[in-house]
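S.K.: Got a predicted structure here, sequence first:
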Number of protein chains: 2
Amino acid sequence: MGRVTIADVAKRAGVSLASTSRALNGQVASAATVEKVRAAAAELGYIPDSAARSLRTRRTGQLAFAVADIGNPVYVEMMREIESVVAAEDYRLVVSRTGDADATVELVRDLNRGYVDGLILSPLRVTDALVAALEASTVPAVVIGRLPDGAGVDTVMADSEGGVALAVEHLVTGGARRIAFLNGPVDTTPGRFRHAGFLRAVAERNDLVSAEYSAEDFTIEAGYAAATEIFENADTPWDAVIAVNDLVGIGIMHAAATRGISVPQDLAVVGIDNTSLTEVSHPGLTSVDLGSTRRGRKAAQLLLARMEDPELAPRAVRVPPSLQVRGSTTAQPTSVSRFASGEGRPR
Amino acid sequence: MGRVTIADVAKRAGVSLASTSRALNGQVASAATVEKVRAAAAELGYIPDSAARSLRTRRTGQLAFAVADIGNPVYVEMMREIESVVAAEDYRLVVSRTGDADATVELVRDLNRGYVDGLILSPLRVTDALVAALEASTVPAVVIGRLPDGAGVDTVMADSEGGVALAVEHLVTGGARRIAFLNGPVDTTPGRFRHAGFLRAVAERNDLVSAEYSAEDFTIEAGYAAATEIFENADTPWDAVIAVNDLVGIGIMHAAATRGISVPQDLAVVGIDNTSLTEVSHPGLTSVDLGSTRRGRKAAQLLLARMEDPELAPRAVRVPPSLQVRGSTTAQPTSVSRFASGEGRPR
DNA sequence: TACCGTCCTGGAATCGTTTCCAATGGAATC
DNA sequence: GATTCCATTGGAAACGATTCCAGGACGGTA
């Protein structure tokens, strides 16, 4: 015995194929028919075939989430949130790697195969070709990040500038005057905007000494290497360093520990993203929360809304930042006690 | 103009639909035909439809990876590895949550919808119904974890017992005699086997004082709470604690820090899974590596092999454990320097 | 009784591919 | 020149669902 199809169910129930389909899908059908069909389907253990249904309905019940590196906790947190939002609407989540710029464009073009009903994309680098592909796509897409003004694509963006300003303000309030920014690759969206935020925040005050460095990647290792170099060569002993993300921030803290620089007494460190890592490090890493889970949720909601009504005007949502202060910027011996109290990072 | 179908390409190329399909899929076709078809397809921007293809070929090019909680770094590491293995064979990855026991069974049954060609499942709890569903499934599945002996399903398992034994041995060598085990929920696969490993390892020596506790969940928070309670009530000051996983281990270290217990001098802590978190904490967390990435890779390979040949006899692969020693068990001031050297966790 | 409207029903078309199978044409062999 | 063979080809039948559309049954009203 092979697969049980709807035809088998129809035969067993003694009604037509059409009626069977209607009965199973809650379309118009008499109570008697529904009853017979339900029973027959249950007896046979009928399970509808996705491919056939997709072919006919032009819907897959799947959404894609594409990022550069699923290893980065910030993407994991987004994914979790997105999964929970779309699962509530019975969508499955397909994960993809964006790869390099060409691969990203290829990924967007591939949407036309129709293997998903929508895409949430968080590209590290945005090219013209990518924007064009997104605008041309018949499959709805939402971008988490920044697109050029006027791009006809839904986006949800973080307020990097505002977030970094919060960090600078916090550090200055704590007495810091010599503040460095350790960026990641500058040709990326986060690299560019977080850096810009730092420049602006620093420019707004005239009592600060500042400089920008950059790590080769958004990783702990790269952060460690870059920080080590800074510590060795800097003629200015920095009061504080703001890292482009938490991973790089952790790398800085390790480098400091290795050289006997104590955090936060000798050096304050601030990360960005407020991932769960901030609570694992010791001391806890003060971090700018750019709302990754909220961005994930927002993106999922935008996508669902657009799939509902494709004619909607493109929207750009901005999620406000906040600062989560931990031990890496203030000497608070009880800074780890939140595990008992349940405060801290939003879950 | 609507979707471009293969019929449009056929017309444009001036050949039959059948020939067009063959030409595009590298089946037998004359060079001239291939050329014409290629050109026509390119001009029209033809992209084959996944649903139609799946319906006909009974293949989707998708695999599912199902775990309890994508937030746990050990699953993220597995997923990364799995993704890279299957992407090389042009498979996409669908992520699912296992949820509770019933939901897991439901998930396996759902495979019969045919939305994926295979499944990699890492269930926290294994029920008879789950095993039955897996054995009955027409879609190949591989389980990362333990199934009852004789279950006709491919599995890849960690050597929890061996791994915990390594940890005990390491601690004893370091001088520890009073060793506690902080488990997670005991009715889960990892809870059960890691605990059993501890009991056996301890039983093999007669000079040890030991006890087992359990945290309510496999999280930092639960580890912190349980450890705090242990520190408050224990009449035995423990030399070392082995945690059921890294998250709980980190929780223990935080609890220790809060109470002024210094690690590793007053208390040694060992985690399990050797996730990236072990290098974020300070000091670094010594951890039993149960080969999560290798298990992920193995699982992916087993799955691909079984899809290739469904008649294969079920296989059970065991991945050997190792111990990664870090600062939480030995006072090594340079324990964080590996970021510079590139050693440590396999990537 | 005739007519109309409502509610259900089933036949058949359709979604876009792949692939079976019979047919064609030309080259090669005798 | 007839026969065999091989390489290609195109028509048509799947794959398994949903949905259009015409028609039948039935009840109510004139």
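M.R.: Cool, the structure landed.
S.K.: CA atoms for contacts and neighbours, from now on please.
M.R.: Fine.
S.K.: So residue A:287: helix, strand or coil?
M.R.: In three-state terms, and counting by DSSP: H, G, I helix; E, B strand; the rest coil, residue A:287 is strand.
S.K.: The closest residue to it other than its chain neighbours: neighbouring residues, count only.
M.R.: With sequence-adjacent residues excluded and distances taken as C-alpha to C-alpha, 6 or more residues apart in numbering or on different chains, residue A:287 is closest to residue A:271, at 4.4 Å. Residue neighbour count, defined by other C-alpha atoms under 10 Å in any protein chain shown, stands at 29 for residue A:271.
S.K.: Kindly report the same for residue A:69.
M.R.: When neighbours are defined as other C-alpha under 10 Å, residue A:69 has 16 of them.
S.K.: pLDDT score for it?
M.R.: At residue A:69 the predicted local confidence, pLDDT, stands at 90.
S.K.: Quick check: phi and psi on the nearest residue to it once chain neighbours are set aside?
M.R.: Closest residue to residue A:69 in three dimensions, ignoring its sequence neighbours and counting by C-alpha to C-alpha, 6+ apart: residue A:97, at 6.6 Å. Backbone torsions of residue A:97, given as degrees, to the nearest 10, read phi -100, psi 140.
S.K.: Over to residue A:156?
M.R.: Geometry field for residue A:156 lists phi and psi as phi -130, psi 130, criterion degrees, to the nearest 10.
S.K.: Cross-check the contact I'm expecting between it and residue A:144.
M.R.: Yes - with contacts counted by C-alpha atoms under 8 Å, residue A:156 reaches residue A:144, the gap being 5.0 Å.
S.K.: residues bridging contact with the two, i.e. touching both?
M.R.: Taking C-alpha atoms under 8 Å, 6 or more residues apart in numbering or on different chains as the criterion, residue A:156 and residue A:144 both touch A:295, A:299.
S.K.: ok, the closest residue to residue A:73 other than its chain neighbours - how many residues close by?
M.R.: Across the structure, with C-alpha to C-alpha, 6+ apart as the measure, the residue nearest residue A:73 apart from its sequence neighbours is residue A:275 (6.3 Å). Other residues near residue A:275 come to 28 when the count uses other C-alpha under 10 Å.
S.K.: what separates residue A:275 from DNA strand C, distance-wise?
M.R.: Plainly put, residue A:275 is 43 Å away from DNA strand C if you go by C-alpha to the nearest atom of the strand, to the nearest Å.
S.K.: cool, and residue A:283?
M.R.: Counting by C-alpha to the nearest atom of the strand - residue A:283 and DNA strand C are separated by 56 Å.
S.K.: What's the local residue count around that residue?
M.R.: The tally of other residues near residue A:283 (other C-alpha under 10 Å) stands at 25.
S.K.: hmm, the host helix or strand of residue A:105 in reach of DNA strand C?
M.R.: When elements are assigned from DSSP states H and E, residue A:105 belongs to helix A:101-110. No - interface with DNA strand C: helix A:101-110 contributes nothing (C-alpha under 7 Å from any atom of the strand), its closest point being 12.3 Å away.
S.K.: Could you give the average pLDDT over the host helix or strand of residue A:166?
M.R.: Assessed by DSSP H and E, residue A:166 sits inside helix A:160-173. The predicted model gives helix A:160-173 an average pLDDT of 96.
S.K.: Mind exporting the C-alpha coordinates of that helix to CSV?
M.R.: The C-alpha coordinates for helix A:160-173 follow below in CSV (Å, rounded to 0.1, in the frame of the first residue of the first chain):
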residue,chain,number,x,y,z
SER,A,160,22.5,52.7,16.2
GLU,A,161,23.3,56.3,16.5
GLY,A,162,21.0,56.8,19.4
GLY,A,163,22.2,53.6,21.0
VAL,A,164,25.9,54.6,20.8
ALA,A,165,25.0,58.0,22.2
LEU,A,166,23.6,56.4,25.2
ALA,A,167,26.8,54.5,25.7
VAL,A,168,28.9,57.6,25.4
GLU,A,169,26.7,59.5,27.8
HIS,A,170,26.8,56.8,30.3
LEU,A,171,30.6,56.6,30.1
VAL,A,172,31.0,60.3,30.4
THR,A,173,28.7,60.4,33.4
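S.K.: Would you mind naming what in chain A lies close to DNA strand D?
M.R.: For chain A, the residues found near DNA strand D under the criterion C-alpha under 7 Å from any atom of the strand are A:3-7, A:17-19, A:21-22, A:24-25, A:47-49, A:52-53, A:55-57.
S.K.: what about burial for those, which qualify?
M.R.: Among those, those scoring as buried are A:6, A:17, A:19, A:21, A:22, A:24, A:47, A:48, A:49, A:52, A:53, A:55 (criterion: 16 or more other C-alpha atoms under 10 Å in any protein chain shown).
S.K.: In helices, which of these appear?
M.R.: A:6, A:17, A:19, A:21, A:22, A:24, A:52, A:53, A:55 (DSSP state H).
S.K.: What about chain B: which of those touch it?
M.R.: On the criterion C-alpha under 8 Å from any C-alpha of the partner chain, A:52, A:55 are the entries of those that sit beside chain B.
S.K.: Just put the ones in helices among the buried ones among the residues of chain A next to DNA strand D in TSV and tack on pLDDT.
M.R.: Supplementary listing: those in TSV, determined by pLDDT from 0 to 100:
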residue	pLDDT
A:6	97
A:17	96
A:19	96
A:21	97
A:22	96
A:24	96
A:52	98
A:53	97
A:55	97
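S.K.: Just flag the most distant two among the ones in helices among the buried ones among the residues of chain A next to DNA strand D.
M.R.: For these, with distances taken as C-alpha to C-alpha, the pair at the greatest spread is A:19 and A:55 (19.7 Å).
S.K.: Would you check that residue A:307 makes contact with residue A:140?
M.R.: Yes - Residue A:307 is in contact with residue A:140 according to C-alpha under 8 Å; the separation is 6.5 Å.
S.K.: Mutual contacts of these two, please.
M.R.: Residues touching both residue A:307 and residue A:140 comprise A:117, A:118, with contact defined as C-alpha under 8 Å, 6+ apart.
S.K.: Of these two, which one has the most company?
M.R.: Ranked by neighbour count (other C-alpha under 10 Å), residue A:307 and residue A:140 place residue A:140 first, with 24 against 16.
S.K.: Run through the residues that contact that one.
M.R.: Under the criterion of C-alpha under 8 Å, 6+ apart, the contact partners of residue A:140 comprise A:117, A:118, A:119, A:303, A:306, A:307, A:310.
S.K.: Let me see the backbone angles for it.
M.R.: Here is the backbone geometry of residue A:140 (degrees, to the nearest 10): phi -60, psi 140.
S.K.: Could you report the pLDDT at it?
M.R.: 97.
S.K.: and the helix or strand where residue A:64 lies, which strands flank it?
M.R.: Secondary-structure element containing residue A:64, defined by DSSP H and E: strand A:62-67. Using DSSP bridges, the strands paired with strand A:62-67 in its sheet are strand A:92-97 (parallel), strand A:118-122 (parallel).
S.K.: I'd like to know which residues of the stretch 1-150 of chain A are adjacent to DNA strand C.
M.R.: Where proximity means C-alpha under 7 Å from any atom of the strand, the interface of the stretch 1-150 of chain A facing DNA strand C comprises A:14-19, A:28-30, A:32-33, A:52, A:55-56.
S.K.: could you redo the last one with a cut-off of 6 Å?
M.R.: On the criterion C-alpha under 6 Å from any atom of the strand, DNA strand C has as its neighbours in the stretch 1-150 of chain A the residues A:15, A:16, A:17, A:18, A:19, A:28, A:29, A:30, A:33, A:55, A:56.
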